[in-house]
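Trainee: Sequence and predicted structure, then a few things I'm wondering about:
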Amino acid sequence: MAAKSSKGSDFTVTSPTPPHLPRSARSDLTDLLGSVPQAVPPVDWAQVEHRLGFSVPPDYRSWAATYPQITIDGFLTVFHPAAPAPNLFTADALLDFDRALRDVDPDDIPYPLHPEPGGLYPWGTTANTHRLHWYPTRGHIVVIGRAGNWEWPGTMSEFLSGILTRQLICPLFPANFPSPGFTTQAYQAR
């Protein structure tokens, strides 16, 4: 299958469509990531969703019940709504950055951005300043970066499982991510 970049060129994705990923690659991130020696903060989902103005995907709720905010292989950070800043709520700064880029060249980010109807909302970031978004109207993941955008049809958990097992290749990520013996670190407030 192919995923589209913002400029319309095809990037080849090495994985099958999400429903055909093996169970461990689709939903069992705990086998891939292991445990993190930090307590998982409790989340008041009614308050979170009221503040965001939308319901977060069910797989993200499961993620946040299992993990604190973490960074995978020193590269990819998944936000947690109850973590100290930066967290799911400080995503406004990322959205402001994306809006500024879109204002300069609308073709660079051809997507609606939260709070626009169906707008992208970031759930993570990378050390290379990629922003990882939910695209609620399509049920997709969108990666926005300096080299372009990449859209993939699946959930956050499927995306992470596919990336970590190398069944899914995001052409915007470095070729060496993840490393064969990747590590997972809990976010530490400074």
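Mentor: Sure thing, it's come through.
Trainee: Mind listing what's buried along the helix ranked longest in the chain?
Mentor: For the chain, the helix with the greatest residue count under DSSP state H is helix 91-104. Neighbour-count burial for helix 91-104 flags 91, 94-95, 98, 102 (criterion: 16 or more other Cβ atoms under 10 Å). All C-beta atoms are positioned from the backbone trio N, CA, C, and that covers glycine.
Trainee: quick one: low-confidence ranges for the chain?
Mentor: Low-confidence segments of the chain (pLDDT under 70): 1-27, 85-89, 188-190.
Trainee: residue ranges of the helices in it, please?
Mentor: Going by DSSP H, the chain shows helices at 23-26, 29-33, 45-52, 58-66, 91-104, 156-164.
Trainee: Tell me which residue is most central in the chain.
Mentor: Leu132 (3.8 Å; Cα atoms, centre = their mean).
Trainee: Chain neighbours aside, what residue packs nearest to that residue?
Mentor: Nearest non-adjacent residue to Leu132, counting by Cβ to Cβ, 6 or more residues apart in numbering: Gly124, 3.9 Å away.
Trainee: How about Tyr60?
Mentor: Per Cβ to Cβ, 6+ apart, closest to Tyr60 is Met156, 5.6 Å.
Trainee: now do Ala83
Mentor: Nearest residue to Ala83, sequence neighbours excluded (Cβ to Cβ, 6+ apart): Gln69, at 3.7 Å.
Trainee: ditto for Gly34
Mentor: Thr184 (6.5 Å).
Trainee: Check which helices and strands the longest helix of the chain sits against.
Mentor: If you count contacts as 3 or more Cβ pairs under 8 Å, 6 or more residues apart in numbering; DSSP states H and E, helix 91-104 packs onto strand 121-126, strand 131-135.
Trainee: That helix vs strand 121-126, what angle?
Mentor: 90 degrees (axes from the mean of the first three to the mean of the last three Cα atoms, to 10 degrees).
Trainee: Pull helix 91-104 out as PDB, backbone CA atoms only.
Mentor: Taking Å, rounded to 0.1, in the frame of the first residue of the first chain, the C-alpha atoms of helix 91-104 are listed here in PDB:
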ATOM      1  CA  ALA A  91       0.400  20.800  22.000                       C
ATOM      2  CA  ASP A  92      -1.100  24.300  21.300                       C
ATOM      3  CA  ALA A  93       2.500  25.500  20.700                       C
ATOM      4  CA  LEU A  94       3.000  22.800  18.100                       C
ATOM      5  CA  LEU A  95      -0.300  23.700  16.500                       C
ATOM      6  CA  ASP A  96       0.700  27.400  16.400                       C
ATOM      7  CA  PHE A  97       4.000  26.400  14.700                       C
ATOM      8  CA  ASP A  98       2.100  24.400  12.100                       C
ATOM      9  CA  ARG A  99      -0.400  27.300  11.600                       C
ATOM     10  CA  ALA A 100       2.500  29.700  11.000                       C
ATOM     11  CA  LEU A 101       4.000  27.300   8.400                       C
ATOM     12  CA  ARG A 102       0.600  26.900   6.700                       C
ATOM     13  CA  ASP A 103       0.100  30.700   6.600                       C
ATOM     14  CA  VAL A 104       3.400  31.000   4.700                       C
END
